[in-house]
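Undergrad: need a structure here:
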Amino acid sequence: MRWVMQHGVVRFAAKRAAAQGDLHALFMRDDRYRPDPFPFYEAVRRRGRIVRGRLVSVTVSYDVITEVLRSDDWRAGPDEDVMPRP
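TA: Numbers count the residues shown, from 1 in each chain. You can find the predicted model right below:
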């Protein structure tokens with residue numbers, strides 16, 4: 001059951017999104033991008049600084065990435081405000 005929730009649902013959603021033309025989903029599912037991802041990067045650049053998809057938003061802009069990663073809204077790991085105390 002864990003595999004289905006962690007991987008199966010994502011694969012199913014990516015397959016549907018790719019069929020509808022979602023750029024990131026196509027990248028996830030199309031093996032031709034693995035040895036050479038640069039055509040994907042160029043497709044993202046042609047669509048703008050941030051490409052919103054059904055599953056995620058994608059960017060290849062250094063400026064956007066820098067702004068996001070330096071933002072106080074960005075964090076990795078559990079939210080300490082809602083985690084139970086040991």
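
Undergrad: Pretty sure Val64 sits against Arg49.
TA: Yes. Using C-beta atoms under 8 Å, Val64 makes contact with Arg49 at a distance of 5.5 Å. Every C-beta, even on glycine, is put in place using the N, C-alpha and C of the backbone.

Undergrad: who has more neighbours, these two?
TA: Using other C-beta atoms under 10 Å as the criterion, Val64 and Arg49 rank with Val64 on top: 14 against 11.

Undergrad: any idea how far that one lies from Arg29?
TA: Counting by C-beta to C-beta, to the nearest Å, the separation of Val64 from Arg29 is 24 Å.

Undergrad: again with Arg49
TA: For Arg49, the distance to Arg29 - C-beta to C-beta - is 24 Å.

Undergrad: now swap in Asp22 and tell me
TA: Note on Asp22: its distance to Arg29, by C-beta to C-beta, is 10 Å.

Undergrad: So these two - more neighbours on which side?
TA: Shown here are Asp22 and Arg29; by other C-beta under 10 Å, Asp22 has more neighbours (22 against 15).

Undergrad: Can you give me the pLDDT of that one?
TA: Asp22 is assigned a predicted lDDT (pLDDT) of 87.

Undergrad: For it, grab phi and psi.
TA: According to degrees, to the nearest 10, the main-chain angles of Asp22 amount to phi -60, psi 120.

Undergrad: Equivalent analysis for Val58, please.
TA: The phi and psi values for Val58, taken as degrees, to the nearest 10, are phi -130, psi 140.

Undergrad: That one pairs with what?
TA: With DSSP bridges as the criterion, Val58 is bridged to Val51.

Undergrad: tell me the contacts of it?
TA: By C-beta atoms under 8 Å, 6 or more residues apart in numbering, the contact set of Val58 is 23-24, 44, 50-51.

Undergrad: hmm, try it at 7 Å
TA: Residues near Val58 by C-beta atoms under 7 Å, 6 or more residues apart in numbering: 23-24, 44, 51.

Undergrad: So it versus Gly8, what's the distance?
TA: Distance, Val58 to Gly8, by C-beta to C-beta: 23 Å.
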